[in-house]
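Q: Task: produce atomic coordinates for the following.
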Amino acid sequence: MRNLLSRKTPIALAASVASLSAIFATTMATTAAAQDAPNAGLEEVIVTARKRAESLQDVPVAVTALTGGMIERGNINSVVEVAKLAPNVELIAQPFAGSALAASIRGVGLDDLEKTFEPTVAVSVDGVFYSSTAGANVDLFDVEGIEVLRGPQGTLFGRNTIGGVINIKRSKPTGEWGMRLSATFDEYEREDIKAVINAPLGERGGLKVSARSLQSESFAKNVTKGTNPDNRDLVSSSVAIRYDFTDDWSAQFTWDNYNDNSQLVDLLNISTTGGPNFEGANGFALISPFHGRAESADRSRENNYETTYSSGNFMSKIQGNNYSLAIDGRMGNHDVKFITSMMDTKEEMDICSWGSPFPGIIFPFGTGTAANPSDAPCLFPVLRQQEFEQSTNEIQITSDFDGPFNYVAGIYMLESEAPFLSGPVQVIESMQDLEARAIYGEVNWDITDAWELTAGVRYTEEEKDFYAVAGAFPNGEDFAFDDDEVTYRLVLQRNFDFGMIYGSYSTGFKSGGFNSRGTTQNTVGPYGSETVDSVEIGARSEWFDNRLTLNLTYFNASYEDKQEQVVTAGDGSYIYNGQPENCGGPTCTFVFNAGEVDTDGIEVEMMAMVTDNLTIRAALGTLDADYAKFDYAGIGDISDRAQVVWAPDLTYNIGGEYRFSGLGGDWILNANYKYTDEAWGRTDFGTYNFQYGPDIVREDFKVLDLSATYMLPIGTGTAMIRVYGTDVLEDGGRIERPFDAGAFAFASLVPRRTVGVTIGYEF
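A: Numbers count the residues shown, from 1 in each chain. The predicted structure is shown next:
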């Protein structure tokens, strides 16, 4: 096995930065030659990163903004694919909850599924925040724009935005007759039908109805079953009604219904049976001739990851309804907004073999033998049923004075209920009730025409009541957690003719609480909140009559009391604080405040209108994330061996669009190339064997996406056909999410080259 502890050297990083800098220099020179062309320059991008509508170039926050056109032409179909266009952003499909998201920004993330585990990166849709990772991997449809805010956003956006915020804005009812229809087909039997219909409601109102049906099959053949299993199975719909009561006051009600019965791509078993002097073997590894490594993973690698070997199903379903009511108005020099929302979801996960064609060495849940494995087709059967209810209320007021002072202030309230039931082997039942309240404010002071000062503060208090019936609590036991935090933000900004330079200091926190799959006192919790102190220095600039924008950011952050989710073998062989821990099943999950992590890096984002027809964009992110402390219970400080997960040293992308007319219509050619460095997946670094353990490093990879769009006026509307290819450089698949669960290890697969076509019509 290669040295898994190796990292990209500073020389290699410097070379990568220098290469992209050369691209910037060439672009600027080309732009300078074209600046006299009669064009208004790049289109202004409006964002709401500070809870008010502002130009992207005026905001002292690290923001990547994507328009609806960029999302469609780039064939970005879900939140995870947004990472293709943002530096230092890792977004991965979390396969063990319905439409779940594992998000990491600047090395700070959460890769788990429990409703009691708070996310580090918040996802917001039309101003409503998802307080769970489930459902956060939103299928992007009818999207007007996306903003990715990097770094802690604890002042205006609150708890659990310690890594950043992904803000999704959908289109509003137009109040006019209109329709958009599209259908997408690809080589994996994908049938993706979308429709959006707008209609007027009198002279002041509008109705928007949208619907989607998505079906596809897996790109990988299950050799054990001899089939290509079904993959996506989604039906969703949305109704939005907007009414303008006066010129100053309006309201919009939105109802979303979704039914996602997807069967996920089969896992690969990457367990190891050990090696010389290796006592930490995965007990459920397959017997194989591949030097003690899991046979299914090695065979799949030989077949370019286009084959899987799982003997059981892998189903992860989510059904739900979301409701929201937003009221917007103006009172004098103030904009007033009120948003109330409710979310009600039901989930079911059914997994059995964890990527194995048969149980292999140990058959704790069956009677089979190695000679007749079909007698015991299940390695570790897990059937999870979960419900989740969330309600939020937010009142916000934003001033618009002509003088030097303006402010944003608001009140936010969140309540949620999360009942949980899992079995049949490791039977766990729990319930969490959460109440959180916050009050926040931010003041902007134009000290002079050149200098601005921004100061913000947020106070949050929360209470969690947790009830568990499992393992050490056969008769049930109640637990409680409460916390209050104050988060700050201070920004000093200097404006110039070319843009501005700023420095900021901000704090944030991620809430503590409980582990809903805990079965003992040590595994249930509670654990404390984690906090961050972050310094950011940035420059936002426009050049050559706004034909070039160049944004630079340096960040340095320190995370205290960092929460660590550690998954180990649960059969009593694991020693925690000097005592064996038996969780009543194959695995055991601990959450404790063990870590202090220091991160720093540089981010560069550029967009240039080289000619009136050609626009290019590029971004680069460097990241140095290391543990300053990792206080592992019973072992001591393991910061010298622990790795920050999902924290690649280098990410960059470069792409663009070329527009021209021909054959009676308009053409748009789109390309984007993204490089992502290698990153560590999850394991128990206290016991992990770097020589003989499962390979949990996701290799670096490159993705090139291409599309050609042709639009032709027909009647009162426009017909469209788009031919696209995603990840066209490689075929087959790749490992995306290696995970070592102590008793066994597995990995998720994603497809590489996919070619398809989209046809549509709108008026």
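Q: Which residues are in contact with Glu435?
A: Neighbouring residues of Glu435 by Cβ atoms under 8 Å, 6 or more residues apart in numbering: 413-415, 462-463. The C-beta positions use only the backbone N, C-alpha and C, and glycine is treated the same way.
Q: Hmm, I typed the wrong one, I wanted Ala468.
A: Applying Cβ under 8 Å, 6+ apart, we find Ala468 in contact with 428-430, 476-477, 479, 518-519, 524.
Q: Name the nearest residue to it, sequence neighbours excluded.
A: Spatial nearest neighbour of Ala468, chain neighbours left out: Ser430 (4.6 Å); criterion: Cβ to Cβ, 6 or more residues apart in numbering.
Q: partners of whichever helix or strand that neighbour is part of, with directions?
A: According to DSSP states H and E, Ser430 maps onto strand 428-446. Strand 428-446 pairs in its sheet with strand 405-424 (antiparallel), strand 451-470 (antiparallel), by DSSP bridges.
Q: Can you point out the buried residues in the last one?
A: Of the residues in strand 451-470, those scored as buried under the neighbour-count criterion (16 or more other Cβ atoms under 10 Å) are 452, 454-458, 460, 462, 464, 466-470.
Q: The residues you listed: which two are farthest apart?
A: Pairwise distances among the buried residues of strand 451-470 were taken by Cβ to Cβ; the largest, 55.0 Å, belongs to Glu452 and Val469.
Q: Tell me which of the strands paired with strand 428-446 approaches Gly127 most closely.
A: When these are compared by Cβ to Cβ, strand 405-424 sits nearest Gly127, at 10.9 Å.
Q: Could you check the closest one and say which residues are buried?
A: 406-410, 412, 414-416, 418-420, 422.
Q: Distance from stretch 476-483 to the middle of the chain?
A: Relative to its parent chain, stretch 476-483 has a centroid offset of 29 Å by Cα atoms, centre = their mean, to the nearest Å.
Q: in that stretch, what counts as buried?
A: Residues of stretch 476-483 classed as buried: 479, 481, 483 (neighbour count, 16+ other Cβ under 10 Å).
Q: again, but for stretch 218-238
A: 218-225, 228-229, 231-236, 238.
Q: With distance to Val604 and pLDDT as extra columns, can I get the contacts of Ala468 in TSV?
A: Supplementary listing: those in TSV, determined by distance: Cβ to Cβ, whole Å; pLDDT from 0 to 100:
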residue	distance to Val604	pLDDT
Ile428	46	90
Glu429	50	92
Ser430	45	93
Gly476	54	90
Glu477	52	93
Phe479	46	95
Gly518	43	89
Thr519	47	90
Val524	44	92
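Q: what would those look like in JSON lines with distance to Val61?
A: Output for the contacts of Ala468, formatted as JSON lines (distance: Cβ to Cβ, whole Å):
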{"residue": "Ile428", "distance to Val61": "41"}
{"residue": "Glu429", "distance to Val61": "42"}
{"residue": "Ser430", "distance to Val61": "37"}
{"residue": "Gly476", "distance to Val61": "46"}
{"residue": "Glu477", "distance to Val61": "43"}
{"residue": "Phe479", "distance to Val61": "37"}
{"residue": "Gly518", "distance to Val61": "37"}
{"residue": "Thr519", "distance to Val61": "42"}
{"residue": "Val524", "distance to Val61": "37"}
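Q: ok, the residues you listed vs Asp626, which is closest?
A: Lowest distance from Asp626 to the contacts of Ala468 (Cβ to Cβ) belongs to Gly518, with 29.0 Å.
Q: got the contact list for Met607?
A: Applying Cβ under 8 Å, 6+ apart, the residues contacting Met607 are 42, 548-549, 615-618.
Q: quick one: which of these sit in strands?
A: Taking DSSP state E as the definition of strands, the contacts of Met607 contribute 548-549, 615-618.
Q: Buried ones only from those residues, please, as a PyMOL command.
A: Typed into PyMOL, the next command selects the buried ones out of these (criterion: 16+ other Cβ under 10 Å):
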select buried, resi 548+549+615+616+617+618
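Q: with the ones in strands among the contacts of Met607 in mind, which one is nearest to Leu56?
A: Thr549 (8.1 Å).
Q: which residues does that closest one bridge with?
A: So, taking DSSP bridges as the rule, Thr549 has Glu542, Met607 as bridge partners.
Q: isn't it right up against Glu542?
A: Yes: counting by Cβ atoms under 8 Å, Thr549 does reach Glu542; the two are 5.4 Å apart.
Q: joint contacts of the two?
A: Gln57.
Q: Point out where the stretch 601-750 of the chain drops to low pLDDT.
A: Of all residues in the stretch 601-750 of the chain, none has pLDDT under 70.
Q: and with 90 instead?
A: For the stretch 601-750 of the chain, applying pLDDT under 90 flags the ranges 632-636, 686-694, 741-746.
Q: Which stretches in it count as helices?
A: Taking DSSP state H, counting those that start in this stretch to define them, one finds no helices in the stretch 601-750 of the chain.
Q: Equivalent analysis for the stretch 201-350 of the chain, please.
A: 295-302.
Q: give the contact list for the residue nearest to Lys84 when sequence neighbours are not counted.
A: What sits nearest to Lys84 in space, not counting adjacent residues and going by Cβ to Cβ, 6+ apart, is Lys674, at 4.7 Å. By Cβ under 8 Å, 6+ apart, the contact set of Lys674 is 83-85, 651-653, 702-705.
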